[in-house]
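Asker: only geometry, no sequence info:
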């Protein structure tokens, strides 16, 4: 007799990824009850665990539909299931979270306000009308309120807020969109606003505080506003006097400010938008998007972004910002609440001290911020996202590595620092930390590392850091007493790009940026590599030139230009070229002192830096002699490009290596400089010079790829934030049959160095 097949089964399911704080368990509950299945679902520190029991066909349907019906913001990295013995459970339930050995669940970034919460926020009949902390499982704070895993209310900064009966009912109802929404709150039980004066005295509370702050902004007053991941300094973006006052107090002479506008329609009135830009502005990440100003744009004070054809624009992304922008109805400057080059401030009492003399009023609230997270900055390159600053909305979602690693922390670069932690096959790249040159920045660096280790309860086995021994990040790594691995700065840029695309090599890497210590002790910055796994070789570089004054030359393009001229013609002849603008920018005494330093080799290091070459050309073309912020000269050289770029390029030949395959090829800038000086003598416009220079670099990249003769070409480094250069390089490489790779998820600048360091280390243990 043939036995009947088994018609009932139980499956144990583990889901790993970004599956907490997005309504995943309610979705599982609804699906299970819909299919008449029993069992349970639970949050754990390594993901979501499910046991499901019922008719075989229903269980199989559940497994099929589970990944397809996951909430919009969920990200499933791994889903495993196994048959176990039935236990004859009688219902399906959501159990309390549990601790597990592995802390590998993905932490979601903070999410912009969803349409449902926005509707409630603006509905006078809703109990959350004008409540600036409205959220649900589809939106709201995540990373900025989380203190430990799993993501449950007691482990967040909302722990001290006891839910009222109505909020508790929503929280406990599996069919409600606020079911287990950890920051759930309302005006009766949640955080509240307060308006303080510069001494910390309370002026108003709740909605009155917001309305009073709005009146102050309309009157041209600088208001510090505590938001999601820190403070913004806010002024009316139309008010020239107020913007100038903010610049003076913040010691930010010319670096552009970001602007927040009420809606997409408002954005379209001041910047040019394509489909990609619209998608980015309205995305759940809601970053600052760098966009071209409209020629007819009006209403934005010129002081917001002086002499800059671009504007950084964002839409309101929290209920507080939505209310603020709806009430004001005009664009505001919303810049990081700090002094220039310091991390964003997150604590209201600290804000009173750190922003003393900047803000006149402080709009604060009593929900603590667990960690500082700036606004992310992105731009559109090749109709795709390129991240320039990775923070809110993107961090700390990881980059998937091509192999598992032992617990390793990469300490990142000195400027635009981020750190990265390897947990299994995931590389968790931190939010933007900043330049490690001030005590607040150093404190933030140590704090972020401690938080990363704490969140994942990681026992580090090794650390990775930059080759430069004087970087604070390198010095920190040496204090850990763990096995260390050094990664040269520009090689790390290439590994960072390789990590994004899961490339193992061989790869031709083109790494162009400002400066970084090379393995030969000189300053690199215009480098060409062949990378294959853990092995790499520098096969070409720019011809070197001196940097008179060392660090001073980084801030003064005129010094770099003089160094280039001195290398070309000799210092005596260079100093006689008083017809050139870099020389005009110096006094006679300055020229004499710098000339002596170059002759004697005092504080005049040699470099192969492409970033510094950009500076020198910007100086020679009369665009920028002294910079007020990093990269200004190169940015302005890009902005000088004509609306319809030329095809003509300056020459940029290679110095032959005399048949020695191990010798470094040197790309010679001398013919380029000769042609540029001839153009200047002929009165050629700076726009034409910029175009011919950019085109020369594009062809240089293509020539290097041909020399390497490798299909995959990775381009990285801060220079490749230049949209024209990057897009034209990609186009020409494709035309020549190569496969170009560039960065999207992490910045090509030094903010992506930590990922590159981590990926380089991943090959060591294979």
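Answerer: Cool, got the structure. Quantities reported herein were computed from a predicted structural model and do not represent experimental measurements.

Asker: from here on, just use CA atoms for contacts and neighbour counts.
Answerer: Noted.

Asker: output the contacting helices and strands for the lowest-mean-pLDDT helix or strand in the chain.
Answerer: Least confident helix or strand of the chain, by mean pLDDT, DSSP states H and E, is strand 654-655 with a mean of 74. Judged by 3 or more CA pairs under 8 Å, 6 or more residues apart in numbering; DSSP states H and E, strand 654-655 is in contact with strand 665-667.

Asker: and the strand it packs on, what's its mean pLDDT?
Answerer: Strand 665-667 carries an average pLDDT of 92.

Asker: from the contact counts, what lies against that strand?
Answerer: Contacts defined by 3+ CA pairs under 8 Å, 6+ apart place strand 665-667 against strand 535-542, strand 654-655.

Asker: dump those into JSON lines; add distance to residue 746 as well.
Answerer: Conversion of those to JSON lines gives the following (distance: least, CA to CA, whole Å):
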{"stretch": "strand 535-542", "distance to residue 746": "22"}
{"stretch": "strand 654-655", "distance to residue 746": "32"}
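
Asker: in the stretch 651-766 of the chain, which spans are strands?
Answerer: Counting by DSSP state E, counting those that start in this stretch, the stretch 651-766 of the chain has these strands, from start to end: 654-655, 665-667, 712-716, 739-741.

Asker: correct me if wrong, but residue 385 is in a strand.
Answerer: Yes: using DSSP: H, G, I helix; E, B strand; the rest coil, the assignment for residue 385 is a strand.

Asker: please begin residue numbering at 578 from this point
Answerer: Sure thing, new numbering starts at 578, so read that last one as residue 962.

Asker: who's in contact with residue 783?
Answerer: Going by CA atoms under 8 Å, 6 or more residues apart in numbering, residue 783 touches 769, 770, 771.

Asker: just say helix, strand or coil for the residue nearest to residue 776 when sequence neighbours are not counted.
Answerer: Spatially, and ignoring its direct neighbours in sequence, residue 776 is nearest to residue 929 (7.2 Å; CA to CA, 6 or more residues apart in numbering). When classified by three-state DSSP, residue 929 comes out as helix.

Asker: ok, residue 929 touching residue 774?
Answerer: No: between residue 929 and residue 774 there is no contact under CA atoms under 8 Å: 9.1 Å.

Asker: so those two - more neighbours on which side?
Answerer: Between residue 929 and residue 774, counting by other CA atoms under 10 Å, residue 929 is the more crowded of the two (22 against 16).

Asker: show me what the helix or strand where residue 856 lies packs onto, helices and strands only.
Answerer: Residue 856 is part of helix 852-858 when elements are defined by DSSP states H and E. The helices and strands touching helix 852-858, judged by 3+ CA pairs under 8 Å, 6+ apart, are strand 865-869, strand 961-966.

Asker: packing partners of the last one?
Answerer: Looking back up the chat, that one is strand 961-966. Strand 961-966 packs on helix 852-858, strand 954-958, going by 3+ CA pairs under 8 Å, 6+ apart.

Asker: please name the nearest non-neighbouring residue to residue 1306.
Answerer: Excluding its sequence neighbours, the residue lying closest to residue 1306 (CA to CA, 6+ apart) is residue 1275, at 5.0 Å.

Asker: now do the residue nearest to residue 776, the pLDDT please.
Answerer: You'll see residue 929 listed with a pLDDT of 95.

Asker: just the strands in the stretch 1028-1177 of the chain please.
Answerer: Per DSSP E, counting those that start in this stretch, the stretch 1028-1177 of the chain carries strands over the ranges 1039-1043, 1061-1064, 1084-1094, 1100-1109, 1112-1119, 1122-1123.

Asker: residue 1315 is nearest to which of these?
Answerer: Ranking the strands of the stretch 1028-1177 of the chain by distance to residue 1315, with CA to CA as the measure, places strand 1084-1094 first at 10.1 Å.

Asker: and the gap between residue 1074 and residue 1318?
Answerer: Residue 1074 sits 7 Å away from residue 1318, going by CA to CA, to the nearest Å.

Asker: would you map the helices across the stretch 628-777 of the chain?
Answerer: With DSSP state H, counting those that start in this stretch as the criterion, the stretch 628-777 of the chain has helices at 633-645, 692-699, 742-749.

Asker: identify whichever of these lies nearest to residue 721.
Answerer: Nearest to residue 721, of the helices of the stretch 628-777 of the chain and by CA to CA, is helix 692-699 at 19.2 Å.

Asker: average pLDDT for the closest one?
Answerer: pLDDT averaged over helix 692-699 gives 98.

Asker: more neighbours, residue 1074 and residue 1318?
Answerer: Between residue 1074 and residue 1318, counting by other CA under 10 Å, residue 1074 is the more crowded of the two (30 against 20).

Asker: that one: what's it in contact with?
Answerer: By CA under 8 Å, 6+ apart, the contact set of residue 1074 is 1291, 1292, 1293, 1318, 1319, 1320, 1325, 1333.
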